[in-house]
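**Q** Turn this into a structure:
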Amino acid sequence: MARTILIIAAIAGFFILGYAVTSGKFNQSWNWQKKYLTEGSFSYKIPRGWKEEKKNDKNFDIRVEYSPANAGQMPGTTGQAAVTVASQREDEPPMSTQREFDAWYVAEKGTDEIDKIGSLEIGGRRAVKLGYEMKSQNGELLWSLTTWIREGDTNIYINTLGNGIWNKDDMKFHQQFSESLVFD
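**A** Below you'll find the predicted structure:
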């Protein structure tokens with residue numbers, strides 16, 4: 001299980017978020033803008049004004065991270081949202097194979113380390129929603145909500161990250177973010 005946590009943390013790109021643990025409210029009236037990711041052939045929506053940073057790494061094809069421009073844009077304790085596209089690798093890290101995806105999709109519950117929040121369909125594709133908490137190097141409690149979609153040999157991870165313990169506003173934000181995906 002420790003390997004699974006490590007790969008999720010690598011996918012999530014954890015860092016100390018730099019915001020105090022505050023609890024902003026999910027704002028239904030935020031001006032969400034549409035973004036298109038050619039590497040995944042899909043679009044998604046993110047609140048307008050959030051800072052965007054594209055990253056490339058040997059572990060994934062593309063990762064786009066978003067962070068609120070200021071604490072007033074934070075839903076709940078969410079400090080980052082990310083979209084990651086990763087092709088199947090030969091070394092098969094945890095949470096990357098069709099076999100694992102299928103097992104998570106039908107599982108009724110998670111493990112000691114990872115909560116299974118649910119199975120659903122997004123854009124006609126099967127998806128698994130997972131959550132977990134961990135401690136940062138300096139002892140801060142961090143959380144991640146991840147929606148994992150598997151398309152052929154490609155994994156798509158939709159993450160939201162934050163400090164403390166996720167709350168209903170964080171869940172609402174993750175739901176709107178992850179379920180905004182539209183495939184070509």
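**Q** alpha carbons only for contacts and neighbour counts from here, please
**A** OK.
**Q** how about the nearest residue to the spatially most central residue of the chain, chain neighbours excluded?
**A** In the chain, the residue lying closest to the centroid (Cα atoms, centre = their mean) is N159, at 0.9 Å. Nearest-residue entry for N159: T146, 4.5 Å, with adjacent residues in sequence omitted and distances by Cα to Cα, 6 or more residues apart in numbering.
**Q** Just confirm the one you found is within a strand.
**A** Yes - per DSSP: H, G, I helix; E, B strand; the rest coil, T146 lies within a strand segment.
**Q** Would you confirm that it contacts G162?
**A** No - at 11.9 Å, T146 and G162 do not qualify as touching, with contact defined as Cα atoms under 8 Å.
**Q** how about the helices in this structure?
**A** If DSSP state H is used as the criterion, the helices of the chain fall at 2-12, 98-106, 168-178.
**Q** Look up which residues are beta-bridged to the residue nearest to N159.
**A** Beta bridges link T146 to L130, N159, judged by DSSP bridges.
**Q** could you pull out the strands for this structure?
**A** 32-37, 42-47, 51-57, 60-67, 78-87, 115-122, 125-135, 141-151, 154-163, 182-183 (DSSP state E).
**Q** can those go into CSV with extra columns for mean pLDDT?
**A** Shown next, in CSV, are these (pLDDT from 0 to 100):
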stretch, mean pLDDT
strand 32-37, 90
strand 42-47, 91
strand 51-57, 89
strand 60-67, 91
strand 78-87, 90
strand 115-122, 95
strand 125-135, 93
strand 141-151, 94
strand 154-163, 93
strand 182-183, 90
